[in-house]
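Undergrad: Could you work out the structure for the sequence below:
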Amino acid sequence: MVSEDNLNSVSMEDDFDGDDDADDTGVVASRRPKQGYTVLKEADIKHRQEDDISKVSTVLSIPKVEATILLRRYNWNVNQVHEEWFADEDRVRKSVGLLERPVVEVSDASKFTCGICFESLPCDNFASASCGHPFCRDCWKGYLCTRINDGPGCLLLRCPEPSCKAALGTDMIDKLATCEEKEKYSQFLLRSYIEDNRETKWCPAPGCENAVYFAVGCGDFDITCLCSIVLFSSLAFFVFY
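TA: Numbering: from 1, shown residues only. Okay, here's the model as predicted:
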């Protein structure tokens, strides 16, 4: 859980003093009511993301890898994940690609044939996702490399077997991707937490890496990011950015 000390909270203040001069001229100063929002630095975003993953993992009693897949599929909406899961766990598992058991039985053979390159290799040269489809490590690495370099679509990876819908999680990335690919994947995952969440947006200022969070429906008010004196309307911010 992110402590209040880690968050950079900013509130709009009502500066209207209601002095006599204003009353004499009949000018009514109009200020938006006090509103709250939070400017998030990268460390804050990571803390919130990890906290949401832990919440889902704990409540649903599933590994964090699976919790991450669920949250990504439901746009990082913790409440929606809980509601959908408890309403129909089997349907959610099927649609997302979370298997409870492998669809391919593990063989005791000393060698396997890769379903991509069709090479027959010792079993320790193979890896498989939750479905159990075995592919050699070189083919796995090539598959992950291509998909990660293609962009953020790699966050929705499935097993390379055409007929299989098993989702691939961060465990496969950690096991088989290069350090550079892991970093790219992590950045895609971090950015998706902001870009897919309807209550968060990146600051539009050039070069700024901060994001802004506020509860949708709190009205329209001015937002100031920590990067500078950049000011923008929350309504315009969430409509146009």
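
Undergrad: Look through the protein and tell me its longest helix.
TA: As assigned by DSSP state H, the longest helix anywhere in the chain is helix 42-60.

Undergrad: Contacts for that one next, please.
TA: 1-2, 6-8, 38, 40, 62-64, 66-68, 70-71, 76, 78, 81-82, 85, 189-190, 193-194, 209, 211 (CB atoms under 8 Å, 6 or more residues apart in numbering). Placement of C-beta: from N, CA and C, glycine included.

Undergrad: List buried residues within those.
TA: Buried by 16 or more other CB atoms under 10 Å: 2, 7, 38, 40, 62, 64, 66-68, 70-71, 76, 78, 81-82, 85, 189, 193-194, 211, out of these.

Undergrad: What degree of burial does residue 41 show, as a neighbour count?
TA: 15 (other CB atoms under 10 Å).

Undergrad: actually residue 50, sorry about that
TA: Counted with other CB under 10 Å, the neighbours of residue 50 add up to 15.

Undergrad: Just the helices from this structure, written as ranges.
TA: Secondary structure of the chain (DSSP H): helices at 20-25, 42-60, 64-73, 78-87, 89-96, 137-150, 170-176, 179-195, 234-240.

Undergrad: Centre-most residue in this protein?
TA: The C-alpha lying nearest the average C-alpha coordinate of the chain belongs to residue 193 (CA atoms, centre = their mean; 3.2 Å).

Undergrad: which residues touch that one?
TA: Listed by CB under 8 Å, 6+ apart, the contact partners of residue 193 are 45, 48, 49, 76, 200.

Undergrad: quick one: pLDDT of it?
TA: In this model, residue 193 is scored at 97, pLDDT.

Undergrad: And for residue 200?
TA: Confidence at residue 200, expressed as pLDDT, is 88.

Undergrad: right, and it touches residue 194 too?
TA: Yes: Residue 200 lies in contact with residue 194 (CB atoms under 8 Å); the separation is 4.8 Å.

Undergrad: and for these two, which residues touch both?
TA: Going by CB under 8 Å, 6+ apart, residues that sit against residue 200 and also against residue 194 are residue 211.

Undergrad: so residue 100 makes contact with residue 93?
TA: Yes: the pair residue 100 / residue 93 is scored as a contact, 6.9 Å apart, by CB under 8 Å.

Undergrad: Of the two, which one has the most company?
TA: Higher neighbour count among residue 100 and residue 93: residue 93, with 17 against 8, using other CB under 10 Å.

Undergrad: so where is the chain shaky, pLDDT-wise?
TA: Filtered on pLDDT under 70, the chain yields the residue ranges 1-36, 215-221, 229-241.

Undergrad: try 90
TA: Along the chain, segments meeting pLDDT under 90 span 1-39, 103-113, 123-124, 197-208, 212-241.

Undergrad: which residues does residue 110 contact?
TA: Taking CB under 8 Å, 6+ apart, we find residue 110 in contact with 122, 123.

Undergrad: measure it to residue 121 for me?
TA: 10 Å (CB to CB, to the nearest Å).

Undergrad: Same check on residue 167?
TA: 25 Å.

Undergrad: Settle it for me: which of those two has more neighbours?
TA: Higher neighbour count among residue 167 and residue 121: residue 167, with 25 against 16, using other CB under 10 Å.

Undergrad: Could you find the closest non-adjacent residue to that one?
TA: Excluding its sequence neighbours, the residue lying closest to residue 167 (CB to CB, 6 or more residues apart in numbering) is residue 97, at 3.4 Å.

Undergrad: And residue 191, by the same measure?
TA: Closest residue to residue 191 apart from its sequence neighbours, by CB to CB, 6+ apart: residue 152 at 7.1 Å.

Undergrad: Now the terminal residues of stretch 69-88, how far apart.
TA: End-to-end distance of stretch 69-88: 17 Å, with CA to CA, to the nearest Å as the criterion.
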